[in-house]
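>>> task: produce atomic coordinates for the following.
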Amino acid sequence: MAPEVTVVVPTRDRWPIVASTALKAALGQEEIELEIIVVDDGSAQEAPTRLSGLDDPRVRLVRHARPKGVAAARNAGIRLAQADWIAFLDDDDVWAPQKLRRQVNAARACKAGFAYSGAVWVDSDWRLVQGRAPPDPETLPSALLRWNVIWGGASNVVARTDLLRSLNAFDETLFQLADWDLWIRLALADSAVALDDVLVALVVHRGSMLLVDRRDVFAEFAYLEDKHREAARRAGVRLDAAAFARWVAGGHLRAGRRPAAARAYLRGTASPGNLLRAVGALVSPSLLASARSLRPVVPGALPEGQRVAEMPDWLDLYR
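Residues are numbered from 1 along each chain as shown. Here you go, the predicted structure:
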């Protein structure tokens, strides 16, 4: 039987992780035919011959001889996809068992080009870090032109294969913000549907890309801003530099790079809140907490419905 969904999983030198999380999540999907394309983006060692999940007939392994980047890895999977729908899944994230069935059903019912849901972030012990409900599809284009509001997007979105290919998929000049860029283009090109339930969990750990990649992500932000400048102008919005700076600084703080976090706060904006955060990153965590009260409230800056989510019961499958 032909697959309904192709699941694209990029990975590099993380075989035990991909087996215990992404492959387990994808192979555990219920009531849907799928294929899984694992793209090895130039690992130093080939996949272990006895790796759990790789022997499943639904799984194909594609290997890049040298690293090309996560955007290129995902694009390789898109080119090889045989299904009408493509789902993206990072190698360390997990899904609810009904995620794909429910998202595809919802997208078909609404004749939408792509679908997404609520998501949570958990730590390596599966404890809740934060959770977010999905943004409103009706305001998604303008919301994405301010901030990447599809939480867990690189493990959340399911999109029509023909739509992704018509948009030339991921921009391979980007390494951190390629998903945000694609979601903007998807939202401008077609309608979306959102499922309120939490169907995705992102595992936050010290190997996360933002924590280990030292390239200048602010240069990517400037590129993204320029690329979508006209669309943002038409929508009457602009990319949120202050929020982006807080996101980058948060990654540095989790990695223990306090001076880098302070510099990130200052590069984003000269707002009082970020100035106080920069000082707090260097000398006092209590100042960071105080700075939250100075964050400006901008009507419409974040879509309605975002909230801290409770831990979904299905996460017990991975503990």
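
>>> rest of the way, CA atoms for contacts and neighbours
Noted.

>>> strands along the stretch 151-300 of the chain, start to end?
158-160, 192-203 (DSSP state E, counting those that start in this stretch).

>>> of the ones you listed, which is nearest L54?
Proximity to L54, assessed across the strands of the stretch 151-300 of the chain by Cα to Cα, is greatest for strand 192-203 (21.4 Å).

>>> name the helices or strands packed onto the closest one?
Applying 3 or more Cα pairs under 8 Å, 6 or more residues apart in numbering; DSSP states H and E, we find strand 192-203 packed against strand 94-95, helix 99-110, strand 114-122.

>>> what about it, average pLDDT?
What strand 192-203 shows for mean pLDDT is 95.

>>> and the strands of the stretch 151-300 of the chain as a markdown table, adding mean neighbour count and distance to C110?
Formatted as a markdown table, the strands of the stretch 151-300 of the chain follow (neighbours: other Cα atoms under 10 Å; distance: least, Cα to Cα, whole Å):
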| stretch | mean neighbour count | distance to C110 |
| --- | --- | --- |
| strand 158-160 | 24 | 13 |
| strand 192-203 | 24 | 7 |
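
>>> so for K24, which of these sits nearest?
Closest to K24 of those is strand 192-203 (Cα to Cα; 13.1 Å).

>>> V5 is nearest to which of the helices and strands packed on strand 192-203?
helix 99-110 (7.8 Å).

>>> now the nearest residue to A115 once chain neighbours are set aside: how far from A232?
Closest residue to A115 apart from its sequence neighbours, by Cα to Cα, 6 or more residues apart in numbering: V193 at 4.8 Å. V193 sits 22 Å away from A232, going by Cα to Cα, to the nearest Å.

>>> contacting residues for the residue nearest to A115?
V193 sits next to 106-107, 110, 112, 114-116, 137 when contact means Cα atoms under 8 Å, 6 or more residues apart in numbering.

>>> which of the residues you listed count as buried?
By neighbour count, with 16 or more other Cα atoms under 10 Å, the contacts of V193 hold 106-107, 112, 114-116, 137 as buried.

>>> pretty sure D93 is touching L199, no?
No. Using Cα atoms under 8 Å as the test, D93 is too far from L199 to be in contact (11.0 Å).

>>> overlap of the contact sets of those two?
Shared contacts of D93 and L199 (Cα under 8 Å, 6+ apart): none.

>>> in stretch 217-225, which residues are buried?
Across stretch 217-225, burial judged by 16+ other Cα under 10 Å covers 217-218, 220-221, 224-225.

>>> I misspoke; the intended subject was stretch 64-76.
Buried positions in stretch 64-76, judged by neighbour count with 16+ other Cα under 10 Å: 64, 69-76.

>>> CA atoms of that stretch as PDB?
Taking Å, rounded to 0.1, in the frame of the first residue of the first chain, the C-alpha atoms of stretch 64-76 are listed here in PDB:
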ATOM      1  CA  HIS A  64      25.500  12.300   2.700                       C
ATOM      2  CA  ALA A  65      29.200  11.700   2.400                       C
ATOM      3  CA  ARG A  66      29.900  15.000   4.000                       C
ATOM      4  CA  PRO A  67      27.800  17.300   6.100                       C
ATOM      5  CA  LYS A  68      25.600  19.700   4.000                       C
ATOM      6  CA  GLY A  69      23.400  21.100   6.800                       C
ATOM      7  CA  VAL A  70      20.000  20.300   8.200                       C
ATOM      8  CA  ALA A  71      18.100  22.300   5.500                       C
ATOM      9  CA  ALA A  72      19.900  20.300   2.800                       C
ATOM     10  CA  ALA A  73      19.200  17.000   4.700                       C
ATOM     11  CA  ARG A  74      15.500  17.800   4.900                       C
ATOM     12  CA  ASN A  75      15.400  18.700   1.200                       C
ATOM     13  CA  ALA A  76      17.000  15.400   0.300                       C
END
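
>>> neighbouring contacts of that stretch?
The contact list for stretch 64-76 (Cα under 8 Å, 6+ apart) reads 8-11, 39-43, 88, 169-172, 174-175, 178.

>>> among the residues you listed, which are located in helices?
Counting by DSSP state H, the contacts of stretch 64-76 place A178 in helices.

>>> the contacts of stretch 64-76, buried ones only, as a PyMOL selection?
A single PyMOL command is used to select the members of the contacts of stretch 64-76 judged buried by 16+ other Cα under 10 Å:
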select buried, resi 8+9+10+11+39+40+41+42+43+88+169+170+171+172+174+175+178
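
>>> ok, the most far-flung residue of the chain relative to its centre - contacts?
Residue farthest from the centre of the chain, counting by Cα atoms, centre = their mean, is V283 at 31.3 Å. Contact analysis of V283 by Cα under 8 Å, 6+ apart lists nothing.
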